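Asks: got a sequence here, can you model it:
(2 chains)
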Amino acid sequence: MSDYSSAIEREVPTNPSPLDPAFVPSPTIEVVNASKWFGQKVAVSNLSCSFGPGVTGILGPNGAGKTTLLRMISGLTDVSGGSVKVLGVNPRKDYHVFGSTSLVPDEDAVYAEMTGRRLVSYAAQLANTDASEAAIDDAITSVAMEAAAHRSIGGYSKGMRQRIKVAAALVTKPEVLILDEPLNGTDPVQRAHLIDLFHDLGDAGRTVIVSSHVLEEVERVSSRVIAIVDGRLAAAGSVEAIRAAMNDKPYVVRIATDRPRELGAALFSSDAVLSVEAGQGSLVVRTTDIVALGRLTPALASALPARLSAFKPEDESLESVFRYLVERS
Amino acid sequence: MTPILALLRVSIRQALPVRRSVMLAILETAPGLIYLFATTNRTADAAFQGAVEIGAGTYFALVLPGVSIVIAAGVLGNERRDLTLSFIALRPIPRVGIAATKLTAAVTAAFALNLVGAVVLGGSHAIRSGNWSFFGALAAGALVATIAYASVYVPLGFMTDRAVLIGVAYLLIFENGIAALLTGLAALSPWRVGISVFADLADGARLILDSSTAPLSLGRALVTTAIYVAVSIGITTRLLRKRDLA
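Replies: Numbering: from 1, shown residues only, chains lettered A, B, ... in the order given. Have a look, this model is predicted:
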């Protein structure tokens, strides 16, 4: 059974292996066999993973269970089965933990009549943390909202609302920051700014969880990814590790050459090659063993002889990994 | 500012949006105006009887419950519906603290509006009779009734989106229907708890109001209200602990 398969089929991860990428060595958040159902609908099913300092991305299509998982972690929603511990306690039982955690929800859950500055100040007051002008300024500056901070939130764009919610979360200086689709509605400049901010927080030792259904975002934000499909853990680890673990998934490689037909015919005789598609100046090869293909191709090109100008895996992006995960599950 | 004070201040402000507050304040003037029209050219005794039966009757049985229900049902219910509840729920504040603060906010906001009605009715009667103690009794009864209604409708507003509809039906069917016929149930009616306080404090009012309208003594009314408050905070605290908040 492959590592990837073991992740897919995991049922009860008692004593998880230290090498299991769904778990981290010093977790601040532990999710053990957590399930959540709403009537007949199962939103999260027997999911186990842990989170530690640094940025972790939660990836999944809409309806995969990402938001439900984040709500369980944040303490907004109770688990139907299993358990969730944040900083060693059940967030549904011990409200003190909310002094160390912050949630940025996906919904437009903001007080439209408040100014951005008032929202940030209110968050600090509710958390009983430093609500001084300097602290409020710091939080607002960190999301580049100084210019609009005195305006009513009701007049904000989606991206501005997202950013002011992030500021309201940051002003409490949380050890654990949970962000549900925080980049929704942000423009490219704002997005880059927020991504840098999340990296800085992760580098500073905070546990930062960022969910998204936009694959490119997660790839840019996270050093570690938890992929969820249909409420189940589909895969975990770095993008590269997930990709490498899926050794039963064919790799697609584009090879640029001046003799695509001849090189394709030669490659097809190899057991490592599943299919070859020759085109104008290049060929697309599907293989189960990219390392063997990497060794074989120059040798065959030299023997023909053929000139090689590129050897490029086509599906290293998170999107291709994710598509495969969805298909598999 | 402590978390509780911050929550209280914002909750009161949210409960009193300008347009709705103005509409409800106008509604509050109705009992006083009805009293003025109904008692024109009456004797002092007849005017007092009108102030108690028509003025206080309309105020306690219709206007005060309506305003209190609308305000109280929205104090937690609106935040649950517009999903801002997470903003206060995920804070290091004890759930019982949130429940008590929300109830206090509902009482403060609703009483601020109900006081308008008491001022208009009490002031109208004072102008006619020169007696301001009537206003004091109205305000005290209004405070108690407001607390009782808020105690019921803060948790109910959290439980269901139809709390106001349920409240209106309850007001018409139970409070002004069944409880009026079955005097044993009258003591459970929040506005009767309030008017009982008024009846004990306004000289001569108890002689006019029958026992099905003002069934409790001042002491029993206060104890009943305290029970309402305790049960309300208990239920709201439990809901905040047990319910999914989003």
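
Asks: chain A versus the residue lying farthest from the centre of chain B, what's the distance?
Replies: Distance from the C-alpha centroid of chain B, by C-alpha atoms, centre = their mean, peaks at B:N41 (31.8 Å). For B:N41, the distance to chain A equals 48 Å [C-beta to the nearest C-beta, to the nearest Å]. Heads up, the C-betas are built off the backbone N, CA and C, glycines and all.

Asks: which strands and helices lie in contact with the one helix or strand B:V144 maps to?
Replies: Element membership for B:V144 (DSSP states H and E) is helix B:133-159. Packing partners of helix B:133-159 (3 or more C-beta pairs under 8 Å, 6 or more residues apart in numbering or on different chains; DSSP states H and E): helix B:64-81, helix B:95-129, helix B:163-169, helix B:190-201, helix B:218-242.

Asks: orientation of it relative to helix B:64-81 in degrees?
Replies: Orientation of helix B:133-159 against helix B:64-81 (axes from the mean of the first three to the mean of the last three C-alpha atoms, to 10 degrees) gives an angle of 30 degrees.

Asks: what is the burial count for B:R19?
Replies: Neighbour count of B:R19, defined by other C-beta atoms under 10 Å in any protein chain shown: 7.

Asks: what helix or strand is it on?
Replies: helix B:18-28.

Asks: what do you get for A:S309?
Replies: Using DSSP H and E, A:S309 falls within strand A:308-313.

Asks: and that strand, what's buried?
Replies: A:308, A:311, A:313 (16 or more other C-beta atoms under 10 Å in any protein chain shown).

Asks: same check, this time on stretch B:162-174
Replies: Buried-residue list, stretch B:162-174, by 16+ other C-beta under 10 Å: B:163-164, B:166-167, B:170-171.

Asks: distance across it, terminal residue to terminal residue?
Replies: This stretch, stretch B:162-174, spans 17 Å end to end (C-alpha to C-alpha, to the nearest Å).

Asks: give me the contacts around it.
Replies: Applying C-beta atoms under 8 Å, 6 or more residues apart in numbering or on different chains, the contact partners of stretch B:162-174 are B:62, B:65-66, B:69-70, B:73, B:77, B:153, B:156-157, B:160, B:185, B:189.

Asks: buried ones among those?
Replies: B:62, B:65-66, B:69-70, B:73, B:77, B:153, B:156-157, B:185, B:189.

Asks: need these in CSV (columns: pLDDT).
Replies: Listed next are these as CSV, based on pLDDT from 0 to 100:
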residue, pLDDT
B:L62, 93
B:P65, 94
B:G66, 94
B:I69, 95
B:V70, 95
B:A73, 94
B:G77, 92
B:Y153, 95
B:L156, 94
B:G157, 94
B:L185, 79
B:S189, 88
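
Asks: tell me the one among the residues you listed nearest to chain A.
Replies: Closest approach between the buried ones among the contacts of stretch B:162-174 and chain A, by C-beta to the nearest C-beta: B:G77, at 14.8 Å.

Asks: now do the contacts for the residue positioned nearest the centre of chain B.
Replies: The residue lying closest to the centre of chain B (C-alpha atoms, centre = their mean) is B:T146, at 2.3 Å. Shown in contact with B:T146 (C-beta under 8 Å, 6+ apart): B:64, B:68, B:107, B:110-111, B:114, B:194.

Asks: if we can go back for a sec, quick one, the helix holding B:R19 and helix B:64-81 angle?
Replies: Using the same axes, to 10 degrees: helix B:18-28 against helix B:64-81 is 160 degrees.

Asks: what does helix B:18-28 contact?
Replies: Contacts for helix B:18-28 (C-beta under 8 Å, 6+ apart): B:63, B:66-67, B:70-71, B:113-114, B:116-117, B:120.

Asks: since we're on the closest residue to B:R241 other than its chain neighbours, how many residues are nearby?
Replies: Excluding the flanking residues, the one nearest B:R241 by C-beta to C-beta, 6 or more residues apart in numbering or on different chains is B:R95, at 5.2 Å. By the measure other C-beta under 10 Å, the count of residues near B:R95 is 17.
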